[in-house]
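A.B. asks: Quick check, what structure comes out for this input:
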Amino acid sequence: MKEKRINIPSFDGYTLEGKLALPKGEDEVSKLVVFVTGTGPSTYENRDIVDGMDVNMFDGFSNEFSKRGIAYFMHSQRGIHVNDRLGV
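C.D. replies: As a prediction, the model looks like this:
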């Protein structure tokens, strides 16, 4: 899997920060899943401790879609950035 961090300008000039995961070894993909966040602050790099391990909660999704030849895009919510301290 290959990941790219990308910025997408929105209609009002605000830039959405996101990460695009592309299946390994594929130059073109015909399917793309776009993850739309719910309520509460979140970024494409949300991390949590699960069974004592530090994990990115979206990595599981991108890995599974990649295995199936599907690209996956997730973005941070407006006004929330990867370096922000969430939940503090």
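
A.B. asks: Contacts only, for residue 5.
C.D. replies: Taking Cβ atoms under 8 Å, 6 or more residues apart in numbering as the contact definition, residue 5 lies against 17, 18, 19, 20. Any C-beta I mention is one placed from the backbone N, CA and C, and that applies to glycine too.

A.B. asks: do the same with residue 55
C.D. replies: Contacts were defined as Cβ under 8 Å, 6+ apart; by that measure residue 55 touches 47, 48, 49.

A.B. asks: Narrow the contacts of residue 5 to those in strands?
C.D. replies: Mapping these onto strands (DSSP state E) picks out 17, 18, 19, 20.

A.B. asks: Residue 3 and residue 46: what is the separation?
C.D. replies: Separation of residue 3 from residue 46 (Cβ to Cβ, to the nearest Å) stands at 15 Å.

A.B. asks: Who has more neighbours out of those two?
C.D. replies: residue 46 (19 against 14; other Cβ atoms under 10 Å).

A.B. asks: Could you find the closest non-adjacent residue to the more buried one?
C.D. replies: In this structure, residue 46 finds its nearest non-sequential neighbour in residue 57, 4.9 Å apart by Cβ to Cβ, 6 or more residues apart in numbering.

A.B. asks: The one you found contacts residue 48, correct?
C.D. replies: Yes. With contacts counted by Cβ atoms under 8 Å, residue 57 reaches residue 48, the gap being 5.8 Å.

A.B. asks: Looking at the two, which has the bigger crowd around it?
C.D. replies: Higher neighbour count among residue 57 and residue 48: residue 57, with 13 against 10, using other Cβ under 10 Å.

A.B. asks: and the more buried one, backbone torsions?
C.D. replies: When read as degrees, to the nearest 10, the backbone of residue 57 gives phi -60, psi -20.

A.B. asks: Next: the one 10 residues further on.
C.D. replies: The phi and psi values for residue 67, taken as degrees, to the nearest 10, are phi -60, psi -30.

A.B. asks: again, but for the one 4 residues further on
C.D. replies: In terms of degrees, to the nearest 10, the main-chain angles of residue 71 are phi -80, psi 150.

A.B. asks: Run through the bridge partners of it.
C.D. replies: Using DSSP bridges, the bridge partners assigned to residue 71 are residue 32.
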